[in-house]
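1. sequence and computational prediction follow.
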Amino acid sequence: MTGSRRPTESTAPGDAPRASRSATSPVSAAAPTSESASAWSAELAFAIDTAAAAGAILMDHYEQLERIDYKSARDVVTEADHLSEALVIAAIRDRFPGDAILAEESGAHAARDARPVNGRVWVIDPLDGTVNYANGLPVFCVSIGFVVDGRPVAGAVRDPTRAETFAAAADGPATLNGRAIGSSTKDKLSDGVISLSLAGRSAPSRGRAIRREIRIARSMGSASLALAYVGNGRFDAFVQESGMSAWDVAAAGLVAERAGATVTAFDGSAWYDPVRPTRTVGTIAAPAAFHARLLALANRR
């Protein structure tokens, strides 16, 4: 049926995931789930559990903030950002003391007593969607990505308001609360509901060109969560020109990719580039049938 998602199916390790939107009941990382077959199962389970713990901190302070600081004219940081980040960093230091960390609020951290082992880096956003969070809008998440030699290999995106964790490893399926998920299978781009954010002088005309070919565009205010939503078809595609950083895409991009979407940088190059400057990252994630068209429309000048 046009516009339908795939039915739930079992997915063997390493196969392309082919499941629909999962149920939303929480699943412990210790339970027998799709994550257990991955070569990165220890790191993936750690990311899932730690993101859930950080999400609990966010919910403890949700709509009870005592202080909001302004990082820029359009960006804020709260005490919840710092508390969430501190928990994640402490957990990494305890479990993986030889690994390096790249965190949104505090920047890069060298390994405690050694250089990163085999290029192992944890890339974390303790609260993506801070403006939403500070305003009481329930659209935000914790993102924890694990990168080896410049390639994301495991990650989790936790939405604490819905008790949902999107997760993936590079050698396994994307999951939602431990159950395999798959990206949109709609037959027509004109049926697409797309997360869209463009920038620059030509953004209005390019935006109109894209909107003419889709059903509707939305903007959530949490790039990581919107990108993760491509993983189970809540968004049929994600198009954001810039404004993101490594910690916004490390986990969510892997989820979308392992769910079956084609994921690239905004210019069509590799979607994860550890040397790309902060807040300059752009990403396009879409079903393979529509990615090239969205890429062309988004970059038309």
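-> Ah, there it is. All values derive from a computational prediction rather than experimental measurement. Residues are numbered from 1 along each chain as shown.
2. my guess is Gly221 contacts Thr130, does it?
-> No - counting by CB atoms under 8 Å, Gly221 sits too far from Thr130 to count as a contact (9.2 Å). Bear in mind the C-beta positions are built from the backbone N, C-alpha and C, glycine included.
3. who has more neighbours out of these two?
-> Summary of the neighbour comparison: Gly221 and Thr130, criterion other CB atoms under 10 Å, with Thr130 having more neighbours (23 against 17).
4. pLDDT value on the closest residue to Asp273 other than its chain neighbours, please?
-> Spatial nearest neighbour of Asp273, excluding adjacent residues (CB to CB, 6 or more residues apart in numbering): Ala265 at 6.9 Å. The confidence metric pLDDT takes the value 98 at Ala265.
5. and Ala265, what does it touch?
-> Ala265 is in contact with Trp271, Asp273, Arg276, Val281, Gly282, Thr283, Ile284, counting by CB atoms under 8 Å, 6 or more residues apart in numbering.
6. can you select the buried ones from those in ChimeraX?
-> Here is the ChimeraX selection string for the buried members of the contacts of Ala265, based on 16 or more other CB atoms under 10 Å:
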select :271,276,281,282,283,284
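7. show me the contacts of Ala265 that map onto strands.
-> Counting by DSSP state E, the members of the contacts of Ala265 that fall within strands are Val281, Gly282, Thr283, Ile284.
8. now these in JSON lines, with pLDDT and distance to Asp171?
-> Output for these, formatted as JSON lines (pLDDT from 0 to 100; distance: CB to CB, whole Å):
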{"residue": "Val281", "pLDDT": "96", "distance to Asp171": "24"}
{"residue": "Gly282", "pLDDT": "97", "distance to Asp171": "27"}
{"residue": "Thr283", "pLDDT": "98", "distance to Asp171": "22"}
{"residue": "Ile284", "pLDDT": "98", "distance to Asp171": "24"}
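9. from the residues you listed, pick the one nearest Gly233.
-> Closest approach between these and Gly233, by CB to CB: Ile284, at 16.3 Å.
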